[in-house]
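Participant: Provided below for reference: sequence and predicted model.
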Amino acid sequence: MIRLRSINRIFEVGEQTVHALDDVSLTINAGEYLSIMGPSGSGKSTLLNMLGLLDRPDSGQYKLDDIETSALNDDALAAIRRNKIGFIFQAFHLIARLSAAENVELPLMLAGQQSKLRRHRVLETLSALDLSDRANHQPAQLSGGQRQRVAIARAIAMRPQVLLADEPTGNLDRQSGNDVIDVLEALNRDGLTLLVVTHDPDIGGRAKRRIRMVDGRIESDTALVAKHARA
Amino acid sequence: MRARDLTVFALHAVGRQRLRSSLLIVAVAIGITAVMSLTALGEGARRYVIDEFSSLGTNLLIVLPGRNETTGGAPPLLGETPRDLTLDDALALTRTRLVSRIAPVNVGSAAVSVGSRERDSLVLGTTHSFTDIRQLRLSTGRFLPDVDMRRATPVCVIGSNLRDELFGASTALGNWLRIADRRFRVIGVIETSGQSLTVDLDNVVIIPVASAQRLFNTNSLLRILVEVPQVATLDKAKHTIIRIIRDRHDGEDDITIIAQDALLSTFDKLFLVLTLGVGGIAAISLAVAGILIMNVTLVSVSQRKYEIGLLKALGASRNTIRTIFVVEAILITLAGILLGLVLGVAIVQTAAIGFPQFPLATPSWAALASIGTALATGTIFAFIPAGRAARMDPVQALGGH
């Protein structure tokens, strides 16, 4: 479902030119579980942003569900993000003034859904993540693990096909970090394509397919199970 | 995003930054209040002057002897002077149906005395209809009798102040007073009217016009007040009066007619311009409030970078992001307008209680214009920072690179 061909992304940092992605080609099938690892500055976050359509390549092609995305304008990309992609960030990025339920409701609201339908979907999603009793809490009243679970609920509220997690355990202790990964893996078992960017080898090692990046290039791409596609 | 969701979302954001939002609301409110109270002041002044003039009657024409416009041609070799207006001229004017009543007026100054008390006073010669035309009220007695204006009866009506000075504690009504060397019986006292725009009626002696002409030994009149039955026929009446006098004055146009409503409309325009001026100055504060909104929204946009990045990641279009920030500015502006209207009305009402003789009122066009200006500046100035938010790169907003 995801097909990257010869993707290049170059940043100008001061006088220096950084080749964040250097001729990256990658194919990901629906339902796969990937980890992307590598030292900082190796381009793993840039790759994730590229896959999430938050960033555009300077050259190369990116086909998502057979749609060539490099030709689309900002609003079309936003529509794809809205319907197909869920993001999970290291810093959670919950809106502090909104309750857990309202944070989860946000993508549904942006999609213009009716509030009756939203209500139902939010409660359903929160209970799936064992957060029903936290629905009316503000983010400040929740623990780190709970916040990241709210963020996951928000990411899957629109029933996306791909879940992109950028250092999802980076701000968590080991215990809640593992809990969060458990939740993500459970979602993957239900058919969601899961990509986790991490520098933690324990977490990266749990993925069935592991990509290692160095200096903007894919150095290694090892799959535990050769073909897991299309269950 | 649905309109209701947008509003709720924006309300949350506005409510979150309580101090900042309330400062902006106060800034807008001050602008609205300033426009409302300053234009109320201008409008009050206008109404005050108009009321004063209207009390003289808008359907009034004043006929003066002589022309006040210069014409070309040879200089008058024989020292041509305008013909006087006479009582017969005045009488001639009553013969047209375009004139409902007239009051010839003659004015002079003379010594007025009762016993040993003497004063120099304004002596006004006129007729019975003067009371109706000028809407005079008497505190006691009656006004000049309604008789042939050529009859010189020895009666007079005096101002309240003059009455006090000449008669003191004794009764004036029915008693005699002396103007120069003639005796007049007091038949009425004018009610204290305070101020009239032309004559100090508290210190005047009014006598029949024929008596005044004899007193001052003249045949001429100072002016003729002409009342027209309808304001609509004012112009027609004006032309008729000119024609009648021309016929009587050997074909010479030697009178000037002043229409009360012309004077009135001049003042009206003058005060309207004044009100517009002060309103415009006050409206500058609304523009300042707009710039404040722009700056605060800019700060808000950079502070809420993560939120903007997140909304973009969640699939918000540029337009949605822009609308969110504009709606926030509009909500703040609306709250400011509401507060400003309440404050403005309160101030104007309080001032109106304090100065009951001064008809303070915010003209509705000023209130509407201030609301419009506030909304327009609030919205337009919010578009700049909102556009910046909409164009933000999501990766950078989320703290990448």
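Facilitator: Looks like it came in fine.

Participant: what residues does chain A have near chain B?
Facilitator: A:11, A:45-46, A:49, A:52, A:54-55, A:74-75, A:78-83, A:87, A:89, A:91, A:93, A:95, A:97-98, A:106-107, A:109-112, A:115, A:154, A:158 (Cβ under 8 Å from any Cβ of the partner chain). In short, each C-beta sits where N, CA and C put it, glycine included.

Participant: give me the subset of the residues you listed lying in helices.
Facilitator: Judged by DSSP state H, helices contain the following of the residues of chain A next to chain B: A:45-46, A:49, A:74-75, A:78-83, A:106-107, A:109-110, A:115, A:154.

Participant: for the residues of chain A next to chain B, which ChimeraX command selects only the ones that are buried?
Facilitator: A single ChimeraX command selects the buried members of the residues of chain A next to chain B (16 or more other Cβ atoms under 10 Å in any protein chain shown):
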select /A:45,46,49,52,54,55,74,78,80,81,82,87,89,91,93,95,97,98,106,107,109,110,111,154,158
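
Participant: count the residues that sit near A:G191.
Facilitator: 11 (other Cβ atoms under 10 Å in any protein chain shown).

Participant: SS state for it?
Facilitator: Per DSSP: H, G, I helix; E, B strand; the rest coil, the local secondary structure of A:G191 is coil.

Participant: nearest residue to it in space, please, no chain neighbours.
Facilitator: A:G31 (5.3 Å; Cβ to Cβ, 6 or more residues apart in numbering or on different chains).

Participant: look up the pLDDT of A:R230 for me, please.
Facilitator: On pLDDT, A:R230 comes in at 44.

Participant: related to what we said a few turns ago, so the residue nearest to A:G191 sits in a strand?
Facilitator: No: counting by three-state DSSP, A:G31 falls outside a strand, being coil.

Participant: show me the residue sitting in the middle of chain B in space.
Facilitator: Nearest to the mean C-alpha position of chain B, by Cα atoms, centre = their mean, lies B:R46 at 1.8 Å.

Participant: for chain B, what's the nearest residue on chain A?
Facilitator: At 2.5 Å from chain B, A:R82 is the closest residue in chain A, using Cβ to the nearest Cβ.

Participant: picking that back up, report the secondary structure element holding the residue nearest to the centre of chain B.
Facilitator: helix B:18-54 (DSSP states H and E).

Participant: again with B:A289
Facilitator: Assessed by DSSP H and E, B:A289 sits inside helix B:260-303.

Participant: pLDDT of that helix, averaged?
Facilitator: 87.

Participant: what helices or strands is that helix leaning on?
Facilitator: Other elements packing on helix B:260-303 under the criterion 3 or more Cβ pairs under 8 Å, 6 or more residues apart in numbering or on different chains; DSSP states H and E are helix B:18-54, strand B:60-65, helix B:318-354, helix B:364-391.

Participant: chain A: which of these is closest?
Facilitator: helix B:318-354 (5.9 Å).

Participant: ok so, going back, and the helices and strands packed on helix B:260-303, which one averages the lowest pLDDT?
Facilitator: Minimum mean pLDDT among the helices and strands packed on helix B:260-303: strand B:60-65, a mean of 86.

Participant: and that strand, which strands flank it?
Facilitator: strand B:223-227 (antiparallel), strand B:255-259 (antiparallel) (DSSP bridges).

Participant: mind listing what residue 108 touches?
Facilitator: No chain specified, so I'll use chain A. A:L108 is in contact with A:117-118, A:121-122, A:157-158, counting by Cβ atoms under 8 Å, 6 or more residues apart in numbering or on different chains.

Participant: wait, chain B was what I had in mind.
Facilitator: Counting by Cβ under 8 Å, 6+ apart, B:G108 touches B:122-123, B:125, B:212, B:215-216.

Participant: so for stretch A:182-197, what's the average pLDDT?
Facilitator: Mean predicted lDDT for stretch A:182-197 stands at 95.

Participant: wait, A:A96 sits on A:P139?
Facilitator: Yes: assessed by Cβ atoms under 8 Å, A:A96 is found in contact with A:P139 at 5.5 Å.

Participant: these two: which is more packed in?
Facilitator: It is A:P139, of A:A96 and A:P139, that has more neighbours when counted by other Cβ under 10 Å, with 20 against 10.

Participant: right, and the more buried one touches A:F92 too?
Facilitator: Yes: A:P139 is within contact range of A:F92, at 7.4 Å (criterion: Cβ under 8 Å).

Participant: sketch out the strands for chain A, chain order is fine.
Facilitator: All strands of chain A, identified by DSSP state E, fall at A:2-13, A:16-28, A:33-37, A:59-64, A:67-68, A:85-88, A:162-166, A:193-197, A:209-214, A:217-223.

Participant: of all the ones you listed, which one is nearest B:A13?
Facilitator: Taking Cβ to Cβ, strand A:85-88 is the member of the strands of chain A nearest to B:A13, at 21.2 Å.

Participant: buried subset of the contacts of B:G108?
Facilitator: Using 16+ other Cβ under 10 Å, the buried ones in the contacts of B:G108 are B:122-123, B:125, B:212, B:215-216.

Participant: what is the nearest of these to B:K238?
Facilitator: B:G125 (24.5 Å).

Participant: I'd guess the closest one is in a helix, am I close?
Facilitator: No: B:G125: not assigned to a helix; according to three-state DSSP it is strand.

Participant: leaving out chain neighbours, which residue sits closest to it?
Facilitator: B:G125 sits nearest to B:A212 (Cβ to Cβ, 6+ apart), 2.3 Å away.

Participant: spatially central residue for chain A, please.
Facilitator: Among the residues of chain A, A:L164 comes closest to the average C-alpha position under Cα atoms, centre = their mean, at 1.2 Å.

Participant: which ones are touching that one?
Facilitator: A:48, A:51-52, A:85-88, A:195, A:197.

Participant: A:L51 versus that one, what's the distance?
Facilitator: From A:L164 across to A:L51, the span is 6 Å (Cβ to Cβ, to the nearest Å).
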